[in-house]
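>>> Here is a sequence with its predicted model. Questions after.
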Amino acid sequence: MRIWPFATNVDKDFEVFKTIYEFKVPALTGGIIDISLFEGRKILIVNTASKCGFTPQFEELEKLSQQYKDKLVVLGFPSNDFLWQDPGTNNEIASFCATNYGVTFPMAAKVKVIGRNKAAIYRWLTEVKYNKLKNSRVKWNFQKYLIDEAGKLTHVFGSNQNPLCKEIVAAIER
C-alpha cells in the first residue's frame with residue numbers, strides 16, 4: 001500500500017493521483033484513512049486549526065457530519081501553516097477536537113496545505129491539472145473543498161463561509 005501524505009518538493013517528481021479515491025492518508029490518531037471508502041458520498045475537505053478565529057467552525061462541521069451522514073463525509077486536515085495556529089501534536093489536536101467540539105468525523109494527521117512541501121492531496125485539490133475544475137490557493141484555515149459523489153471537485157468555499165451557510169448546504173443537498 002502506498003501512502004502519499006506529503007509532496008517532497010515541487011521541483012522533484014512525486015505522484016499526485018488522478019482521482020481523489022486513490023489517496024490513503026495517515027489518520028490523526030493512527031492508522032490510515034482510505035478515501036476510496038467514501039466513494040458514492042460527497043466529501044467536504046477542510047484544513048483546520050485549533051487556535052484560529054474560525055476554530056468554532058468545528059461545531060458546525062460536526063453538525064453537518066451528523067445531519068448528512070448518509071450522503072456526506074467531512075474530512076479534516078489539521079495544518080500549522082497560518083500563523084502557527086495549530087502547533088500541537090496529532091494527539092493534542094485529537095484531544096482538543098474531541099473535548100471542545102465533540103468531533104467524530106475523520107481527521108487526518110497534520111499536513112502542509114501550502115508551499116513547496118504541501119500534501120499531495122492538497123496539490124490535487126488546488127491544481128486544475130489534477131482536479132479538472134480550477135486552480136485555487138488555500139488562503140487560510142477552514143477553507144473547504146466539496147467533492148461530489150463521483151469524486152469530482154465541485155466547489156471551493158472560503159474560511160469565512162460557515163459550514164451551515166446556505167451555499168454549502170445547497171451544494172450538499174444537490
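Thanks, I have the structure now.

>>> okay, which residue is most central for the protein?
Centrality entry for the chain: nearest residue to the mean C-alpha point is residue 45, 3.0 Å, by C-alpha atoms, centre = their mean.

>>> Please, which helix or strand holds that one?
Assigned by DSSP states H and E, residue 45 falls within strand 42-48.

>>> helices or strands next to that strand in the packing?
Packing partners of strand 42-48 (3 or more C-beta pairs under 8 Å, 6 or more residues apart in numbering; DSSP states H and E): helix 57-67, strand 72-78, helix 120-126, strand 144-147, helix 166-173. Placement of C-beta: from N, CA and C, glycine included.

>>> and it, how far from the chain's centre?
Remark: strand 42-48 is offset 4 Å from the chain centroid, using C-alpha atoms, centre = their mean, to the nearest Å.

>>> coming back round to it: test my guess that the residue nearest to the centre of the chain contacts residue 138.
No - if you go by C-beta atoms under 8 Å, residue 45 and residue 138 don't touch, sitting 10.5 Å apart.

>>> Count the residues that sit near residue 122.
Number of residues near residue 122 (other C-beta atoms under 10 Å) recorded here: 25.

>>> List the contacts of the residue nearest to it when sequence neighbours are not counted.
Spatial nearest neighbour of residue 122, excluding adjacent residues (C-beta to C-beta, 6 or more residues apart in numbering): residue 113 at 4.8 Å. If you count contacts by C-beta atoms under 8 Å, 6 or more residues apart in numbering, residue 113 has them with 47, 77, 79, 81, 119, 122, 138.

>>> Make JSON lines out of those residues and add distance to residue 154 and pLDDT.
Output for the contacts of residue 113, formatted as JSON lines (distance: C-beta to C-beta, whole Å; pLDDT from 0 to 100):
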{"residue": "47", "distance to residue 154": "18", "pLDDT": "98"}
{"residue": "77", "distance to residue 154": "18", "pLDDT": "98"}
{"residue": "79", "distance to residue 154": "22", "pLDDT": "97"}
{"residue": "81", "distance to residue 154": "24", "pLDDT": "96"}
{"residue": "119", "distance to residue 154": "20", "pLDDT": "94"}
{"residue": "122", "distance to residue 154": "17", "pLDDT": "96"}
{"residue": "138", "distance to residue 154": "17", "pLDDT": "97"}
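
>>> If anything else comes up later, I'll come back, but that's it for now.
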